[in-house]
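*Asks:* need a structure here:
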Amino acid sequence: MKDRYLSVDQVAELLGTTARFPRRLIEERRIRYVKVGRHVRIPESAVEEFIQARTVQPLRRPRLSDRRAA
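*Replies:* Below is the predicted model of the structure:
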């Protein structure tokens, strides 16, 4: 059990959002979570997976020198 389990407030702070956003992710089942009694915990790896899955890579445009004249 290497994974650290975070509270909703900790995830919100990590993402720079309010607690409402991680709660919505949980409600819509868009992120993995664990219920411990009445408490909800989100594995740190689930937060990392969520961020990686939604990271948009920049487009690489050709340089002007790489373009050929028409």
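*Asks:* Please count neighbours and contacts with C-alpha atoms only from this point.
*Replies:* Noted.
*Asks:* Centre of the chain to the lengthiest helix in the chain, how far?
*Replies:* Ranked by residue count under DSSP state H, the longest helix found in the chain is helix 44-53. Mean-position distance between helix 44-53 and its chain equals 5 Å (C-alpha atoms, centre = their mean, to the nearest Å).
*Asks:* other SSEs contacting it?
*Replies:* With contacts defined as 3 or more C-alpha pairs under 8 Å, 6 or more residues apart in numbering; DSSP states H and E, helix 44-53 has no helix or strand neighbours.
*Asks:* K35 and R41 touch, don't they?
*Replies:* Yes. Counting by C-alpha atoms under 8 Å, K35 does reach R41; the two are 6.3 Å apart.
*Asks:* quick one: the spatially closest residue to I31 that is not a sequence neighbour from G16, how far?
*Replies:* Nearest non-adjacent residue to I31, counting by C-alpha to C-alpha, 6 or more residues apart in numbering: L25, 5.8 Å away. Using C-alpha to C-alpha, to the nearest Å, one obtains 14 Å as the distance from L25 to G16.
*Asks:* And R23, by the same measure?
*Replies:* Computed as C-alpha to C-alpha, the R23 to G16 distance reads 14 Å.
*Asks:* So which of K35 and R41 has more stuff around it?
*Replies:* Each of K35 and R41 has its neighbours counted (other C-alpha atoms under 10 Å); R41 has more, 20 against 9.
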